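In: no sequence on hand, only this structure:
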């Protein structure tokens, strides 16, 4: 399933191209293997090599989790362009396949999430099936399109039963921090919101202090 692997040297973490069972991406293996894992998916305009995903995967892998950043099915079909609303269910199925694949490597808790569109699809998957993930990591959740604050993407929030960690920039045009706080009141149990000062939708390309994110993620309980 893993092709072209680069092995750990001296206990250092490694990155390995990953391909199999309809999943394509990059696997980050921790130098000291743990039991938990995280699947990360990209935004509508990117791929698994988006800087924020690489930075998140490096930092979280350094805390002992296996991290699999993936190309969603729409990106596997074509190298550029946005996803179609008509194929979003395929992208959620791709997230589920990636979580199942990662369970063969990390038998503990499997978290699912991603940046923008990828994170949104993770929340939709968890709303449909809370058992799909132990918890969610949402980077720059696209609360609404820029300049369209009434077009909220929160209809499924009351159905979420997973522990959620949201990381959001103070200058994100897809939703202000105040708007995020209001929207997250729809979710029980109460999610964690970690603000990133002066960051836009790209979260400063991942140049942030990941320690609070890691602490919040590892503190989450299994979905109920």
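Out: Sure, I can see it. No experiment lies behind these values; they were computed from the predicted model shown.
In: quick one: buried residues of stretch 128-138?
Out: For stretch 128-138, the buried set under the neighbour-count rule, 16 or more other Cβ atoms under 10 Å, comprises 130, 132-138. Any C-beta I mention is one placed from the backbone N, CA and C, and that applies to glycine too.
In: cool, and stretch 79-87?
Out: Buried residues in stretch 79-87, defined by neighbour count with 16+ other Cβ under 10 Å: residue 83.
In: for the buried residues of stretch 128-138, which one is nearest residue 218?
Out: Of all those, residue 135 has the smallest distance to residue 218: 9.4 Å, by Cβ to Cβ.
In: ok, now how distant is the closest one from residue 142?
Out: 20 Å (Cβ to Cβ, to the nearest Å).
In: report the mean confidence score over the longest helix along the chain.
Out: Scanning the chain for the helix with the most residues, using DSSP state H, yields helix 88-103. The pLDDT scores in helix 88-103 average 98.
In: please work out which residues outside it touch it.
Out: The contact list for helix 88-103, computed with Cβ atoms under 8 Å, 6 or more residues apart in numbering, reads 1, 18, 20-23, 25, 37-39, 41, 66, 68, 70, 72-74, 76, 83, 110, 112, 118, 121-122, 124-125, 128-129, 132-133.
In: need the buried ones from those residues selected in ChimeraX.
Out: Only the buried entries of the contacts of helix 88-103 go into this ChimeraX selection, using 16+ other Cβ under 10 Å:
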select :18,23,25,37,38,39,41,66,68,70,72,73,74,76,83,110,112,118,121,122,124,125,132,133
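In: go through the contacts of helix 88-103 and flag which are in helices.
Out: Reading helices off the contacts of helix 88-103 with DSSP H, I get 73-74, 76, 118, 121-122, 124-125, 128.
In: would you check which pair of those residues lies furthest apart?
Out: Pairwise over the ones in helices among the contacts of helix 88-103, using Cβ to Cβ, the maximum falls at 76 and 128, 21.6 Å.
In: how about the strands in the chain?
Out: Remark: strands assigned in the chain by DSSP state E are 14-20, 23-29, 37-41, 66-70, 110-115, 135-139, 163-169, 192-196.
In: what does the second one contact?
Out: It stands for strand 23-29. Strand 23-29 has contacts (Cβ under 8 Å, 6+ apart) with 2, 8, 13-18, 48-49, 57-58, 60-61, 66-71, 76, 94, 97-98, 101, 105.
In: now swap in the last one and tell me
Out: Contacts of strand 192-196 from elsewhere in the structure, counted by Cβ under 8 Å, 6+ apart, are 163-170, 177, 180-181, 184, 203-204, 208, 212-213, 216.
In: average pLDDT for it?
Out: On average, the pLDDT along strand 192-196 is 98.
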